[in-house]
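Novice: Sequence and predicted structure, then a few things I'm wondering about:
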Amino acid sequence: GAGVSQSPRYKVAKRGQDVALRCDPISGHVSLFWYQQALGQGPEFLTYFQNEAQLDKSGLPSDRFFAERPEGSVSTLKIQRTQQEDSAVYLCASSPGQNEQFFGPGTRLTVL
Amino acid sequence: KQEVTQIPAALSVPEGENLVLNCSFTDSAIYNLQWFRQDPGKGLTSLLLIQSSQREQTSGRLNASLDKSSGRSTLYIAASQPGDSATYLCAVMTSGSRLTFGEGTQLTVNP
């Protein structure tokens, strides 16, 4: 499996619950990105890591969103106290540098 | 702030037609431009990457061009097939490595 993997693929949460979404990037890729894609829209940038350093988190919509990549490989996007407007597909991408980004299949989050 | 626009939003063509998808962006200070394909319920598949210093890239029946000064790119699909049916997304990379996406063109190729 050489591609980016994400888990879970689908997540249903009740409003107010916390969720954690996982991304396994392509081995050796130093850059990792999270994007949010609402239904019928293009993906929107959330945050960017270079190795374990979070270099840009300007796209995170609120302080309920938190991302980490503690060992410079796997990353977790955590959403606290989920709201209905958080329902979207969350896409993870990795890149060997400042170049082509490779995307995972996404996690579809539905908040009821 | 970088904005990316894709025209048309949807396109339906008979099999075998050649077609052009359009992408425009407001800030010409880009590092590269990437075209993606997205099938329903799936992630993004990278089709072509054009560096800012390049004018075009080709892969099989696909050809993408870039005119950075005018803020435009086109994706040309030759001899379209039903399997080409998908949403096509254009994205530009600006400072900080983030991609800014258009809203996509939903393509249907009818047998």
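Specialist: Happy to help now that I have it.
Novice: all contacts plus neighbour counts: C-alpha atoms, from now on.
Specialist: OK.
Novice: Show me what B:Val20 bridges to in the sheet.
Specialist: Counting by DSSP bridges, B:Val20 forms beta bridges with B:Tyr76.
Novice: Okay, strands next: where are they in chain B?
Specialist: Ranges of strands within chain B are B:4-7, B:10-14, B:19-25, B:32-38, B:44-51, B:56-59, B:62-67, B:72-77, B:86-93, B:99-101, B:105-110, based on DSSP state E.
Novice: Each with direction, which strands does the fifth one pair with?
Specialist: In the sheet, strand B:44-51 lines up against strand B:32-38 (antiparallel) (DSSP bridges).
Novice: still on that earlier bit, need the strands of chain B in CSV with distance to A:Leu91, can you?
Specialist: What follows is the strands of chain B, written out as CSV (distance: least, Cα to Cα, whole Å):
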stretch, distance to A:Leu91
strand B:4-7, 19
strand B:10-14, 23
strand B:19-25, 22
strand B:32-38, 12
strand B:44-51, 9
strand B:56-59, 25
strand B:62-67, 24
strand B:72-77, 23
strand B:86-93, 14
strand B:99-101, 12
strand B:105-110, 19
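Novice: any chance of the ones you listed in TSV, plus mean pLDDT?
Specialist: Shown next, in TSV, are those (pLDDT from 0 to 100):
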stretch	mean pLDDT
strand B:4-7	96
strand B:10-14	96
strand B:19-25	97
strand B:32-38	96
strand B:44-51	94
strand B:56-59	96
strand B:62-67	97
strand B:72-77	97
strand B:86-93	97
strand B:99-101	95
strand B:105-110	97
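Novice: burial count for residue 80?
Specialist: As the question left the chain open, I've gone with chain A. By other Cα atoms under 10 Å in any protein chain shown, the residues close to A:Gln80 number 17.
Novice: other chain: chain B
Specialist: Using other Cα under 10 Å, B:Ser80 has 22 neighbouring residues.
Novice: residue contacts, it?
Specialist: B:Pro14, B:Glu15, B:Gly16, B:Glu17, B:Asn18, B:Leu19, B:Val109 (Cα atoms under 8 Å, 6 or more residues apart in numbering or on different chains).
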